[in-house]
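> Take a look and give me a structure for this.
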Amino acid sequence: MEERIGEAFAFNELLTVVGRKLLPGETAPDFSLDYLDLAEMTVQSARLADVVGNIRLFNVVNSLARPVCHRVTQHWEKLQADLPASVCVYTISVDSPDDQAHWQSTEGILHQTLSTHRSEQFGQDYGVWLKEWHLLQRAVFVIGCDNRIVYTEYVADQMCEPDYGVAMEVVYQAAMGQEQNQRKEQNRTTDEAL
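Numbers count the residues shown, from 1 in each chain. The predicted structure follows:
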């Protein structure tokens, strides 16, 4: 497993990131992450394929208990209101599903949280596992409806926030492209029916 030393840091502490960086155009790795189903009050699993046909934005954070991660997640919640309906936002952290659900309830966060608490696999597959902290490096991934990665940002300074503006622009472009493709498909189907 590839280890990248110094690509993440906090103050003067250099951190080792386990896993290779993913690049736009690659297929996003599948995963199985947990969340608390509030209707049934049971822990359920979610996979990448569970939201087929949608654009997904993954807000990856160290822990919701950390102030910067807290602020970042609240900001994505606010920005989500301006996103097209075909875009789903997820916050991913090592916090347990119970802790995530409690935090969401306390903070009024409505978008889905997913937990990597059972395994380092997601962190390694997405190139965000912080070896020294046993947490995830802060990052943003935009994944298209075809499960291909459209955008990545690996935030090096763990005291800083991601570039929301660039990620939002990419999301809008991906959503517009998806709508154009759907219209083309509808027109093709209509033409064939005539």
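> Backbone dihedrals for the residue sitting nearest the centre point of the chain, please?
Central residue of the chain (Cα atoms, centre = their mean): residue 58, 1.1 Å from the mean position. According to degrees, to the nearest 10, the main-chain angles of residue 58 amount to phi -100, psi 120.
> Next, work out how far apart it and residue 170 are.
Note on residue 58: its distance to residue 170, by Cβ to Cβ, to the nearest Å, is 13 Å. Just so you know, the C-beta spots here come from the backbone N, C-alpha and C atoms, and that holds for glycine as well.
> Touching both of the two, which residues are there?
Any residue near both residue 58 and residue 170 by Cβ atoms under 8 Å, 6 or more residues apart in numbering counts here, and that gives residue 142.
> what's residue 166 sitting at in phi/psi?
According to degrees, to the nearest 10, residue 166 has phi -60, psi -50.
> Ok, residue 114 next?
Taking degrees, to the nearest 10 as the convention, residue 114 sits at phi -130, psi 140.
> With residue 103 instead?
With angles defined as degrees, to the nearest 10, residue 103 shows backbone torsions of phi -60, psi -40.
> which residue packs closest to it, ignoring adjacent ones?
Here the nearest residue to residue 103 in space, its sequence neighbours aside, is residue 64; by Cβ to Cβ, 6 or more residues apart in numbering that works out to 4.6 Å.
> State the helix or strand in which residue 150 lies.
When secondary structure is defined using DSSP states H and E, the element that contains residue 150 is strand 149-154.
> which residues touch stretch 166-173?
In contact with stretch 166-173 (Cβ under 8 Å, 6+ apart) are residues 55, 57, 79, 82, 83, 84, 87, 140, 142, 150, 151, 153.
> Residue 163: which of the residues you listed is nearest?
Checking those against residue 163 by Cβ to Cβ gives residue 153 as the nearest, at 6.1 Å.
> Skip the chain neighbours and tell me the closest residue to that closest one.
Leaving aside its chain neighbours, residue 153 sits nearest to residue 140 (4.5 Å; criterion: Cβ to Cβ, 6+ apart).
> Cross-check the contact I'm expecting between the one you found and residue 56.
No. Counting by Cβ atoms under 8 Å, residue 56 is not a contact partner of residue 140; they are 11.1 Å apart.
> and the strand holding residue 150, what does it pack onto?
In terms of contacts (3 or more Cβ pairs under 8 Å, 6 or more residues apart in numbering; DSSP states H and E), strand 149-154 is packed against strand 139-143, helix 164-193.
> weakest of the ones you listed by average pLDDT?
Of all the helices and strands packed on strand 149-154, the minimum mean pLDDT falls on helix 164-193 (a mean of 73).
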